[in-house]
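Participant: Sequence first, predicted coordinates after that:
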Amino acid sequence: MSQTETALAEMHHFVLAGVRNAGKSSLMNNLFQKEVAIASGTPGTTTDPVTRKIELGKLGLCSLTDTAGLDDRGNLGEQRIKKSRERMQNADLILFVSPADRPLCEEEKELKTWLEEQKRPWLGVLTFSDRPVSEEKEGFFPPDRQIRVDNSNPDSTLALISRMEQFSQSLTREMTPVEGLVQEQDLVILVTPIDLAAPAGRLIMPQVETIRDLLDRDCATLIVKERELYHFYHKLGIRPALVITDSQAFHKVAADIPEDQPLTSFSLLFARKKGDPAWFIRSLKALQNFPEDGRVLVMEACSHHRQAEDLGTVKIPRLFRQMVSSRVEFAHSRSLPENPDEWDLIIHCGGCMTTQKAMDSRLELFRSRDIPVLNYGLFLAWANGLLPRALEPSPDLIELYHRE
Ligand code: SF4
């Protein structure tokens with residue numbers, strides 16, 4: 001991704017769902033005002049989810065995903081439906097597309113039940129509304145949850161965009177990295193190790209987002225590697241409001257600055273932004289009395305390139321075995337486990353490349369089963385003896401810590 005693009009995690013995500021031949025692809029093409037999805041009268045033309053970015057009026061840059069028909073048949077059909085539902089789990093709004101003139105079918109009833117059970121936000125989009133509307137459909141989509149669209153008239157999609165804009169105003173905004181932690185004119189030091197694990201020629205997303213957030217808040221930023229921190233910190237002449245470090249350099253950074261210097265990590269900022277800090281902090285208790293031969297699943301939210309001393313697969317397991325028990329079994333996964341109850345603890349990455357909603361639906365799988373979850377930053381702060389210090393800059397995190 002180029003540095004000028006909006007991060008996928010910062011966009012609104014819309015998903016089109018419905019049975020085959022409901023007019024989803026035509027609707028997608030009308031929204032884009034060009035052909036991006038194959039629209040044909042042959043059922044099942046869209047097989048896998050197709051995601052495109054689109055600038056939609058006041059919504060700005062959004063992602064729009066067209067999915068396979070929910071009445072897709074056979075073994076492959078089931079897999080496609082599974083993929084469609086995964087996309088719906090992470091959507092800000094699901095456009096439930098249904099042809100106005102066709103009677104209701106079982107799959108549409110199932111979709112509505114699923115959306116309500118999962119508490120997913122949705123809007124019924126009745127396509128082909130130039131034709132007589134089936135009575136069943138009238139009653140099925142409540143008036144405040146339906147909009148009619150004439151697929152043969154691209155202008156009729158403008159009303160839909162306006163409904164999507166209204167809806168977006170009710171969305172919960174994702175917190176920015178340093179929200180509530182700094183004031184304008186503050187100086188903040190960022191410590192970013194440039195080691196073998198650092199990508200060539202660029203900074204990683206949490207660092208970029210934090211720098212941008214600090215600039216937006218009229219703060220000054222000094223960016224140093226951990227080796228130069230001591231030199232610059234002690235020459236500065238002014239006290240930084242905050243030092244934010246990569247979690248892997250916690251130990252050295254803490255040793256090089258005064259004990260009363262507010263210090264935190266990028267991962268802890270992302271625990272607030274993407275995760276469930278209350279659940280993470282409560283989960284720290286799992287580290288006391290952890291079963292000697294317990295099982296830990298390390299989860300990551302993207303397929304980043306692994307280096308020799310990879311954090312998730314090498315450093316965290318090594319540290320955990322040193323600090324907790326040498327017999328602990330580790331596994332690593334990017335997707336949700338089939339049997340969550342097999343795990344005594346989950347240690348999750350910061351989730352910088354995913355949305356807060358997607359992270360929350362991952363966490364819910366474990367929270368609902370009372371399985372503890374830590375994020376990388378919290379585990380590393382604990383392992384380096386930096387709790388509660390690393391939580392202190394954030395009033396909400398430190399309050400949670402003392403409450404637990
Ligand atoms: S593994 Fe997690 S923290 Fe690392 S880049 Fe991917 S989403 Fe971000």
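Facilitator: Alright, I've got the coordinates. Keep in mind the model is a prediction, meaning the values are calculated, not measured. Numbering: from 1, shown residues only.

Participant: shouldn't R334 be in contact with G312?
Facilitator: No. In this structure R334 lies outside contact range of G312 using C-beta atoms under 8 Å: 9.8 Å. Backbone N, C-alpha and C define where each C-beta goes, glycine included.

Participant: list residues touching both of those two?
Facilitator: Here R334 and G312 share the contacting residues E300, scored by C-beta atoms under 8 Å, 6 or more residues apart in numbering.

Participant: Between these two, which has more neighbouring residues?
Facilitator: Shown here are R334 and G312; by other C-beta atoms under 10 Å, G312 has more neighbours (20 against 12).

Participant: Helix, strand, or coil at the closest residue to that one other than its chain neighbours?
Facilitator: Nearest residue to G312, sequence neighbours excluded (C-beta to C-beta, 6 or more residues apart in numbering): V298, at 4.7 Å. Here V298 is recorded as strand under DSSP: H, G, I helix; E, B strand; the rest coil.

Participant: so who does V298 touch?
Facilitator: Residues near V298 by C-beta under 8 Å, 6+ apart: G312, T313, I316, P317, F330, A331, H332, S333, I346, I347, H348.

Participant: Now, those residues that are in helices?
Facilitator: I316, P317 (DSSP state H).

Participant: Narrow the contacts of V298 to those that are buried.
Facilitator: Among these, the ones that count as buried by 16 or more other C-beta atoms under 10 Å are G312, T313, I316, P317, F330, H332, I346, I347, H348.

Participant: so who does the closest residue in space to L56 that isn't next to it in sequence touch?
Facilitator: Of all residues not flanking L56 in the chain, C62 sits nearest, at 5.0 Å (C-beta to C-beta, 6+ apart). The neighbours of C62, taking C-beta under 8 Å, 6+ apart as the test, are M11, H12, H13, F14, K53, I54, E55, L56.

Participant: if you set the cut-off to 7 Å instead, what comes out?
Facilitator: Neighbouring residues of C62 by C-beta atoms under 7 Å, 6 or more residues apart in numbering: M11, H12, F14, I54, L56.

Participant: Can you list which of those residues are found in strands?
Facilitator: Within the contacts of C62, residues falling in strands by DSSP state E are H12, F14, I54.

Participant: Save those as TSV, and put in neighbour count, distance to the ligand and pLDDT too.
Facilitator: Converted to TSV, the ones in strands among the contacts of C62 look like this (neighbours: other C-beta atoms under 10 Å; distance: C-beta to the nearest ligand atom, whole Å; pLDDT from 0 to 100):
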residue	neighbour count	distance to the ligand	pLDDT
H12	20	19	83
F14	24	22	91
I54	18	24	84
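
Participant: need these in JSON lines with distance to G385, can you?
Facilitator: Formatted as JSON lines, the ones in strands among the contacts of C62 follow (distance: C-beta to C-beta, whole Å):
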{"residue": "H12", "distance to G385": "41"}
{"residue": "F14", "distance to G385": "45"}
{"residue": "I54", "distance to G385": "48"}
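
Participant: tell me which of the residues you listed is nearest to D246?
Facilitator: H12 (30.1 Å; C-beta to C-beta).

Participant: Tell me the secondary structure at the closest residue to the closest one other than its chain neighbours.
Facilitator: Spatial nearest neighbour of H12, excluding adjacent residues (C-beta to C-beta, 6+ apart): C62 at 4.5 Å. For C62, the assignment made with three-state DSSP gives strand.

Participant: beta partners for C62?
Facilitator: Following DSSP bridges, C62 is listed with bridge partners H12, I54.

Participant: Give me the pLDDT value at it.
Facilitator: Note for C62: predicted pLDDT of 85.

Participant: Roughly how far does it sit from the ligand?
Facilitator: For C62, the distance to the ligand equals 21 Å [C-beta to the nearest ligand atom, to the nearest Å].

Participant: Check the gap between that residue and L365 for me.
Facilitator: 27 Å (C-beta to C-beta, to the nearest Å).

Participant: list the helices and strands the helix or strand of the chain with the lowest mean pLDDT packs on?
Facilitator: Lowest on mean pLDDT, DSSP states H and E among the helices and strands of the chain sits helix 74-89, with a mean of 78. With contacts taken as 3 or more C-beta pairs under 7 Å, 6 or more residues apart in numbering; DSSP states H and E, helix 74-89 sits against strand 12-17.
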